[in-house]
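1. A predicted structure for the sequence below; I have some questions about it.
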Amino acid sequence: DVFEGEVDDEYKLIRFTMPNLQPGCIIEYRYKVRSEHGTFLRNWSFQTSEPTRWSEFQAVIPNALEYVMVRQAIPKFDVEHMESLPWPRDLMLSQTADFYGLRVTEHRWGLRDIPALREEPFMTTPEDFRAKIRFQLAGYRFPRQPFQPVMESWQKLAEDLMESRSFGGEIERHKILRTQAEVLTANLSSPLEKMRAIYDYVRTTMTWNGERGVYITEDLDDAFKAKTGGGPEIALMLTSMLHFAGLEARPVLVSTREHGRLHKQYSILTQFNHVLTHVKIGANEYLLDATDPLLPYNILPVAALNELGFRVDKKKPTWVRIVSPGSYSNRTVVTATLLADGSIAGHFEATDDGYSGFFDRHLLLEKSEEEYINEGWLDDLTGAVLDSFSISNVDSIYSPLLTQAQFSTADHCLATGGKIYFNPTFFGRFEENPFKLEKRTFPVDYAYGRKYSYILYLTLPEGYTVAERPENIDIRLPKNGGQFVRQIYVNDD
């Protein structure tokens, strides 16, 4: 059965079922795509979520059309063939083609035995690593006519954007934003102080409606008064206010992680789906995103951490590296006493900074403080009972989140035959290895740096000594890519 449905004004969805499929079946299907747009040439993915025995793409392209073709994750095709042919009789404009002697080129690309590609931990999106070819029309050349480019240069794209009343043309035209910027920075002299004051005002005043994009869909005056807007409205509002405060601020176009990697070969706007703000103060550069009220100026949303951004400037547009200066930092210090019956009573102090504090503050919006500690911390400790607790700096996003708690448990340890067995990592254990593929052909992308520190001071029952303990180790990855250290010391006193 085949089912058809409308996706939007441009696309139609076709679904089909195969109800008699059994495990181990081989699925083979063919289809044709016809477009009313004579210059349309679709991309082709050779790789899917299932192993593929053979995938082939054929295209007949008039020589008058010039495409940029980019292949991804394909070191070499099993079949790659091209042949110049006369203009097909069933193709439109055949009489004109005969008159001018126009020809076409037939292309054929094929791959065999392609492994499955599925969502895996610590990757941007499978589309960044899928074996596929992409096409973009660069221009066309009619008979006896000069070449006509279709794909503009990045410079021309930046000029058009900065003149658009739905983008850069908004930066200097709103008096209400100028007035607010002057009020916020009236008593400030340092450029960094001015940047922080304006950024903190926008992130705490404006509410993001969840929409991304490049162009604004609402006038900035209206968004400012309503205190709500999409990503472009908030980014351009922030850029405008920083500009009025005398700072060198420009919008930066990015593609979020789920939207996919940017291709510099294509100077087309549809690659982008979000806007950041770039600020240069002396030798220092900052990237800002004010769509989240809990986000400090020195870290970016994880979705925006996708390698490259296009800094839009009418005179000198540039590419900027999207690297968050912030990292994930969790430090937990536990002081506890182990009794002869296997019970434990103790106290822990946790310091969460950077992304760790950011994520946990979001959790505290959804849970009570007691739920946050019981579910986020004591869950790893069998039979744990929360005796008392305190959480500090919840609203101070530029300070580490501090959590302290008194706890006890009678079930974590096994006491038998005069011996006590237990796992010394009470909190924050990694229960399983996230990397399960036998062979991973794409990089591990953590997006931001991470540091976990766990320290346990444990007092043993009188008369007990440590009979067996894990060895001390220090493992380091090449080029300082990572480090794991375990140190265990026994003080006989």
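-> Now that the structure is in, tell me what you want to look at.

2. how about the helices of the stretch 151-300 of the chain, start to end?
-> Secondary structure of the stretch 151-300 of the chain by DSSP state H, counting those that start in this stretch: the helices cover 154-163, 175-185, 191-205, 220-226, 231-244.

3. which elements pack onto the longest one?
-> If I follow you right, that is helix 191-205. The helices and strands touching helix 191-205, judged by 3 or more CB pairs under 8 Å, 6 or more residues apart in numbering; DSSP states H and E, are helix 175-185, helix 231-244, strand 274-281, strand 284-288. Backbone N, C-alpha and C define where each C-beta goes, glycine included.

4. out of those, deepest packed?
-> Compared across the helices and strands packed on helix 191-205, helix 231-244 shows the largest average neighbour count, a mean of 26 (mean count of other CB atoms under 10 Å).

5. and it, how far out from the chain middle?
-> Put simply, helix 231-244 sits 22 Å off its chain's centre (CA atoms, centre = their mean, to the nearest Å).

6. now stretch 117-128
-> Counting by CA atoms, centre = their mean, stretch 117-128 is centred 11 Å from the centre of its parent chain.

7. so for it, what gets flagged as buried?
-> 117, 123-126, 128 (16 or more other CB atoms under 10 Å).

8. export the helices of the stretch 151-300 of the chain as CSV, with columns for distance to Lys315 and mean pLDDT.
-> Output for the helices of the stretch 151-300 of the chain, formatted as CSV (distance: least, CB to CB, whole Å; pLDDT from 0 to 100):
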stretch, distance to Lys315, mean pLDDT
helix 154-163, 9, 96
helix 175-185, 22, 97
helix 191-205, 21, 98
helix 220-226, 23, 96
helix 231-244, 15, 98
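
9. could you dump those helices to TSV with distance to Ile74?
-> Listed next are the helices of the stretch 151-300 of the chain as TSV, based on distance: least, CB to CB, whole Å:
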stretch	distance to Ile74
helix 154-163	26
helix 175-185	48
helix 191-205	43
helix 220-226	44
helix 231-244	33
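
10. and Leu65, which of those is closest to it?
-> helix 154-163 (20.6 Å; CB to CB).

11. which positions in the closest one come out as buried?
-> For helix 154-163, by 16+ other CB under 10 Å, it's 157-159, 161-162.

12. in the stretch 351-493 of the chain, which spans are strands?
-> Secondary structure of the stretch 351-493 of the chain by DSSP state E, counting those that start in this stretch: the strands cover 385-392, 401-409, 414-416, 419-421, 450-459, 473-476, 483-486.

13. which of the ones you listed sits most buried?
-> strand 401-409 (a mean of 19).

14. and the angle from that strand to strand 385-392?
-> 170 degrees (axes from the mean of the first three to the mean of the last three CA atoms, to 10 degrees).

15. by contact count, what packs against strand 401-409?
-> strand 344-354, helix 355-366, strand 385-392.

16. each with direction, which strands does that strand pair with?
-> Taking DSSP bridges as the criterion, strand 401-409 forms sheet pairs with strand 344-354 (antiparallel), strand 385-392 (antiparallel).

17. give the rounded mean pLDDT of it.
-> What strand 401-409 shows for mean pLDDT is 97.

18. what does that strand rub up against?
-> Contact with strand 401-409 is made by 343-353, 356-357, 360-361, 373, 377-378, 381-394, as judged by CB atoms under 8 Å, 6 or more residues apart in numbering.

19. please apply the same query to stretch 364-372.
-> So stretch 364-372 is contacted by 360, 363, 375, 386, 389, 391, 394 (CB under 8 Å, 6+ apart).
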